[in-house]
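Colleague: sequence below, structure please.
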Amino acid sequence: MTSYRTSTGTAAIAPAAAPTAVSPRLWGLLAVLAGNMLIDALEVSVMVVAMPSIGAGLGLSLTVLQWTMSGFALGFGGLMLFGGRVVALLGRRRVYLAALLVFAAASLVAGVTSDPALLIATRFVKGFCAALTAPTGLAIISTAFAEGRERGRALSVYTLFGAGGFTAGLLLSGVLTEISWRWTLVFPAPVVLLLFVFGLRLIPSDEPEAAGPRHYGVAAALSFTGTLAALAFAIAAVPGAGWGGARVLGLGALAATLFSVFLAVERRASRPLVGAGAWVNRALIRSALGAAALNGSYLGLLFVITFHLQTRLGWGPLHTGLALLPASAPLAATALLSGRMVSKFGAPRLIALGALPPLLGHLWFLRLSAPTDYAYDVLPALLLVGAGFVLTFAALNAQATAGAPAAGRGMAGGVYQTAVQAAAVVMIALVATLLAGDVAPAGALEPAVLESYRPAVLLITGVGALGFLVGLSGLFPRTRERPPASAPASEPGSESALSAPVPPRTP
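Modeller: Below you'll find the model as predicted:
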């Protein structure tokens with residue numbers, strides 16, 4: 001689902017201006033940024049398809065295997081706000097290029113290791129690298145391309161690559177996993193190294209923030225990321241220890257303690273990662289909750305469907321990747337129209353309307369109690385989820401930042417994306433735990449198999465219902481709020497353009 005991710009779908013619709021010629025150097029720069037955007041965006045979807053093969057190859061249980069997805073989301077979401085601070089203090093070019101090198105190295109290690117702990121660690125590192133490059137790429141575009149038609153075209157390309165990344169990942173992973181699941185992990189390395197070589201020549205220099213005390217917010221970043229990690233570990237421990245087991249309760253207490261530390265550190269910080277305005281910005285909170293519910297339920301559903309298609313029905317990775325396309329391809333096909341939709345209908349209406357189709361899709365999948373027919377049982381659910389993303393993708397991003405002052409839009413975008421990725425961490429862990437704790441034995445008849453999925457699908461449906469209620473609440477705000485008719489102009493670096501699913505990266 002990872003994954004990314006912002007309102008670039010609407011930002012790409014820039015005011016008309018006189019045509020300007022874009023130099024070959026700028027087109028080369030855009031190719032580097034958009035190429036890396038694509039790599040970041042497909043990092044979650046490649047795991048969706050390859051996950052069963054990785055589990056079989058390394059002998060991993062579902063609760064361990066799920067970390068190949070949620071580990072990336074943990075690094076991405078847990079360190080998103082910290083990454084923005086690092087870029088501001090050290091400079092865009094320096095951080096972007098360093099992140100590319102680390103990302104490539106982590107991909108190589110992931111492709112050759114057979115140690116599950118090391119594999120999961122590489123996924124976390126790559127998530128952090130994405131947290132550094134995704135918003136920085138948009139910031140570079142915002143300063144390198146002239147405002148107006150030139151920047152609008154560049155943002156359109158960047159948006160298209162981000163929105164299409166999840167779809168590309170499903171296809172690419174299906175092809176590569178048919179050869180070996182290791183190719184799915186290692187293939188980004190040569191691509192990113194090539195981008196690094198061109199980036200050395202094309203990414204412009206910039207000046208970091210003025211000299212003075214540097215507040216990176218390390219304590220806040222570590223305590224928040226630790227909160228998510230402890231919570232996910234607690235959930236993953238349930239099949240072996242039970243919900244009331246000492247290990248589960250201990251990890252849960254650790255998560256609560258770390259979150260209290262995060263709040264205390266932020267309250268006392270002279271320059272907190274999350275500004276005080278975020279806690280009282282109702283539009284931002286609604287957008288974050290709505291997007292978290294959409295992304296979490298989306299990735300959870302794909303987890304269940306992938307597990308069913310490959311391990312129970314015997315479908316191959318490529319067949320599975322093609323089968324999942326209806327949930328992501330509609331967004332890629334309509335990404336460049338999303339800004340016009342928000343401008344015409346308004347974000348609150350689209351969010352409320354768009355939260356309904358995924359809920360209906362979950363309910364449709366929940367009704368399964370007989371042998372599965374893809375065209376009748378699975379495809380409608382995927383199409384309904386895809387329709388929800390088409391309607392809400394840009395609207396949620398636009399609403400998240402529209403009410404924030406210009407100086408606070410970067411923070412608002414970071415909070416929004418943090419919520420999206422945090423939902424991925426928690427939901428993937430929960431779904432894997434529920435599947436592992438109540439899976440039908442090998443050789444069981446399909447009705448029994450489908451019944452064993454019911455707790456996980458009930459959870460997914462409940463989260464989808466929560467997203468729908470949050471969307472409806474936006475139609476009746478308690479106080480008058482500025483309607484985000486379209487994505488506001490943002491300061492350089494204020495937003496990233498990843499979708500999705502996630503890290504995504506969705507939405």
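Colleague: what mean pLDDT does stretch 38-57 have?
Modeller: In this model, stretch 38-57 has an average pLDDT of 92.
Colleague: same check on stretch 264-273?
Modeller: On average, stretch 264-273 scores 91.
Colleague: burial measure for the nearest residue to residue 118 once chain neighbours are set aside, as a count.
Modeller: Nearest non-adjacent residue to residue 118, counting by CB to CB, 6 or more residues apart in numbering: residue 109, 6.7 Å away. Where C-beta positions appear, they are placed from N, C-alpha and C, glycine not excepted. The local packing of residue 109 (other CB atoms under 10 Å) involves 18 other residues.
Colleague: repeat that for the one 4 residues further on.
Modeller: Counted by other CB under 10 Å, the residues lying close to residue 113 total 16.
Colleague: re the thing from before, now the residue nearest to residue 118: which helix or strand?
Modeller: helix 92-112 (DSSP states H and E).
Colleague: next, the buried residues of that helix.
Modeller: If you call a residue buried by 16 or more other CB atoms under 10 Å, then helix 92-112 has these buried ones: 92-93, 95-100, 102-111.
Colleague: ditto for stretch 362-381
Modeller: Buried residues in stretch 362-381 (16+ other CB under 10 Å): 362, 364, 365, 366, 368, 372, 377, 378, 381.
Colleague: quick check: the farthest pair among these?
Modeller: Maximum pairwise distance among the buried residues of stretch 362-381 (CB to CB): 15.9 Å, between 362 and 372.
Colleague: how about the strands in the chain?
Modeller: Ranges of strands within the chain: none, based on DSSP state E.
Colleague: next one: phi and psi at residue 474?
Modeller: phi -70, psi -20 (degrees, to the nearest 10).
Colleague: pull up the per-residue confidence for it.
Modeller: 88.
Colleague: find the residue closest to it in space, skipping its chain neighbours.
Modeller: Using CB to CB, 6+ apart, the nearest residue to residue 474 is residue 348, at 4.1 Å.
Colleague: burial count for the one you found?
Modeller: By other CB under 10 Å, 23 other residues sit near residue 348.
Colleague: I'd assumed residue 472 was in contact with it.
Modeller: No - applying CB atoms under 8 Å, one finds residue 348 not in contact with residue 472, separated by 9.4 Å.
Colleague: mind saving the C-alpha coords of stretch 338-355 as CSV?
Modeller: Extracted C-alpha coordinates of stretch 338-355, given in CSV (Å, rounded to 0.1, in the frame of the first residue of the first chain):
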residue,chain,number,x,y,z
SER,A,338,-7.5,14.8,-10.1
GLY,A,339,-6.7,18.5,-9.6
ARG,A,340,-9.6,19.5,-11.8
MET,A,341,-11.9,17.2,-9.9
VAL,A,342,-11.0,18.9,-6.6
SER,A,343,-11.4,22.3,-8.1
LYS,A,344,-14.8,21.5,-9.5
PHE,A,345,-16.4,19.5,-6.6
GLY,A,346,-14.4,20.5,-3.6
ALA,A,347,-12.3,18.2,-1.4
PRO,A,348,-14.9,17.4,1.4
ARG,A,349,-17.5,16.2,-1.1
LEU,A,350,-15.0,14.0,-3.0
ILE,A,351,-13.5,12.6,0.3
ALA,A,352,-17.0,11.6,1.6
LEU,A,353,-18.1,10.1,-1.7
GLY,A,354,-14.8,8.4,-2.3
ALA,A,355,-14.7,6.6,1.1
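Colleague: chain center to the longest helix anywhere in the chain, what's the gap?
Modeller: In terms of residue count, the longest helix belonging to the chain (DSSP state H) is helix 149-179. Helix 149-179 sits 14 Å away from the centroid of its parent chain (CA atoms, centre = their mean, to the nearest Å).
Colleague: how about that helix: buried residues?
Modeller: For helix 149-179, by 16+ other CB under 10 Å, it's 149-174, 176-178.
Colleague: okay, and the helix or strand of the chain with the least pLDDT?
Modeller: Ranked by mean pLDDT, DSSP states H and E, the helix or strand of the chain with the weakest confidence is helix 8-11, at a mean of 37.
Colleague: who touches the nearest residue to residue 102 once chain neighbours are set aside in this structure?
Modeller: Spatially, and ignoring its direct neighbours in sequence, residue 102 is nearest to residue 129 (5.4 Å; CB to CB, 6+ apart). Residues counted as contacts of residue 129 (CB atoms under 8 Å, 6 or more residues apart in numbering) are 75, 99, 100, 102, 103, 106.
Colleague: surely the third one touches residue 130?
Modeller: If I follow you right, that is residue 100. No - proximity of residue 100 to residue 130 does not meet the contact threshold set by CB under 8 Å, at 10.8 Å.
Colleague: from residue 157, how far off is the residue nearest to residue 29 when sequence neighbours are not counted?
Modeller: Spatial nearest neighbour of residue 29, chain neighbours left out: residue 202 (4.4 Å); criterion: CB to CB, 6+ apart. According to CB to CB, to the nearest Å, residue 202 stands 15 Å off from residue 157.
Colleague: that older thread, out of the contacts of residue 129, which one sits closest to residue 193?
Modeller: Among the contacts of residue 129, and counting by CB to CB, the member closest to residue 193 is residue 100, at 7.7 Å.
Colleague: what about stretch 274-282, distance to the chain center?
Modeller: Offset of stretch 274-282 from its chain centre (CA atoms, centre = their mean): 22 Å.
Colleague: how about that stretch: buried residues?
Modeller: For stretch 274-282, a neighbour-count test (16+ other CB under 10 Å) marks 274, 275, 277, 278, 281 as buried.
Colleague: how much space between the fourth one and residue 418?
Modeller: Translated: residue 278. As defined by CB to CB, residue 278 lies at a distance of 10 Å from residue 418.
Colleague: again, but for the second one
Modeller: Shown here: residue 275 relative to residue 418, a distance of 13 Å by CB to CB.
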